[in-house]
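S.K.: Fold the following.
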Amino acid sequence: MTNSMIKILLIGDYSIFRSGLRMLIETDKRLRVVGEAERLEDAAEIISVESPNLIIADLPDSRPIDILPVFRNTLSPVLVLIGQHDVDIYKKCLQLGISGLVLKEEKSEVLFKAIEKINDGELWFDRAMMGETIRQLLDESQMLRDNPRPNLVAGLTEREREVIKLLCIGMRTRDIADALFITENTVRHHLTSVFNKLEIKGRLELVIYAFKHGLVSMPKSNGAVNGAGLHQDFSQALSG
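M.R.: Alright, predicted model coming up:
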């Protein structure tokens, strides 16, 4: 975690829960809660004045997936707290660009680690659930069955294929640059070229495309479900 203060906005239905979460978060001197609200739309002034580094949203146990779309275009990364494992929620979080998810039953150390990693530009999701989520997204995708377009894949250069493989095993832009002895800007140029050649948008769609078309092997769904393992593998590939 960086030495600078991390400013956090809390969103949730219950004032008692938000107050307890605030007290927990502020036991770490590097974290400061700059505001709280029942709904995101009620926090516009706080966001404008404070520019929080992270939004933590407590999702209701009943139909939490209905709440997620309001976080689609937030300027600050979003970490959601949920009551149970649910592949549909993981899938929705990926599609909306939400940065992380923590079960409410987890220990406080997991929450602090998630805050740290998201503030550093990474994602934080349960690896096993992410594996199942990606598999569902692949099953739903019609790209291979309806429009295989092998000529698009054939147009990739060897270096572009290397970038795709490293992206899909969990390397971020700077890690790929270090591994290939190139600059981060060069990595971004390669990704832009890949997006254009494959006629896709964004890293999530590229990861799905790569798995679907055999450019990389599917990630295993077993593995660590807390601690450091949560942000590894392909989930990390979706951040910068």
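S.K.: can you pull out the strands in this structure?
M.R.: Secondary structure of the chain by DSSP state E: the strands cover 6-11, 31-37, 54-58, 78-82, 100-103.
S.K.: Including mean neighbour count and mean pLDDT, could the ones you listed go into JSON lines?
M.R.: Yep, even glycine has a C-beta here, placed from its N, CA and C like the rest. Converted to JSON lines, these look like this (neighbours: other CB atoms under 10 Å; pLDDT from 0 to 100):
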{"stretch": "strand 6-11", "mean neighbour count": "23", "mean pLDDT": "96"}
{"stretch": "strand 31-37", "mean neighbour count": "19", "mean pLDDT": "95"}
{"stretch": "strand 54-58", "mean neighbour count": "22", "mean pLDDT": "95"}
{"stretch": "strand 78-82", "mean neighbour count": "23", "mean pLDDT": "94"}
{"stretch": "strand 100-103", "mean neighbour count": "22", "mean pLDDT": "90"}
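S.K.: Which one, of the ones you listed, ends up nearest to residue 216?
M.R.: strand 100-103 (23.0 Å; CB to CB).
S.K.: who's in contact with that closest one?
M.R.: For strand 100-103, the external contacting residues (CB atoms under 8 Å, 6 or more residues apart in numbering) are 77-85, 89-90, 93, 110-111, 114, 117-118, 123-126.
S.K.: switch the cut-off to 10 Å
M.R.: When contacts are defined by CB atoms under 10 Å, 6 or more residues apart in numbering, strand 100-103 is touched by residues 54, 56, 59, 77-86, 89-90, 93-94, 110-111, 113-115, 117-118, 122-126, 129-130, 225-226, 230-231, 235, 239.
S.K.: Equivalent analysis for stretch 180-190, please.
M.R.: Under CB under 10 Å, 6+ apart, the answer for stretch 180-190 is 156-157, 159-164, 166-167, 171-179, 240.
S.K.: which sections of this structure are below the confidence cut-off?
M.R.: Applying pLDDT under 70 to the chain picks out residues 1-3, 127-128, 130-131, 134, 137-150, 170, 218-240.
S.K.: Can I get the buried ones among the contacts of strand 100-103 as something I can paste into PyMOL?
M.R.: The PyMOL selection below is limited to those of the contacts of strand 100-103 classed as buried (16 or more other CB atoms under 10 Å):
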select buried, resi 54+56+59+77+78+79+80+81+82+89+90+93+94+110+111+113+114+115+117+118+122+123+124+125+126+129+130+230+231+235+239
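S.K.: List the ones among the contacts of strand 100-103 that fall in helices.
M.R.: Members of the contacts of strand 100-103 lying in helices (criterion: DSSP state H): 89-90, 93-94, 110-111, 113-115, 117-118, 129-130, 235.
S.K.: can you put these in a markdown table and add distance to residue 197?
M.R.: Converted to a markdown table, these look like this (distance: CB to CB, whole Å):
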| residue | distance to residue 197 |
| --- | --- |
| 89 | 33 |
| 90 | 29 |
| 93 | 28 |
| 94 | 23 |
| 110 | 39 |
| 111 | 40 |
| 113 | 37 |
| 114 | 35 |
| 115 | 37 |
| 117 | 31 |
| 118 | 31 |
| 129 | 31 |
| 130 | 26 |
| 235 | 25 |
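S.K.: Just give me the closest of those residues to residue 206.
M.R.: residue 94 (12.7 Å).
S.K.: That closest one contacts residue 80, correct?
M.R.: No. Assessed by CB atoms under 10 Å, residue 94 is found out of contact with residue 80, at 12.0 Å.
S.K.: which ones are touching the closest residue to residue 43 other than its chain neighbours?
M.R.: Spatial nearest neighbour of residue 43, excluding adjacent residues (CB to CB, 6 or more residues apart in numbering): residue 37 at 4.0 Å. By CB under 10 Å, 6+ apart, the contact set of residue 37 is 9-12, 18, 43-47.
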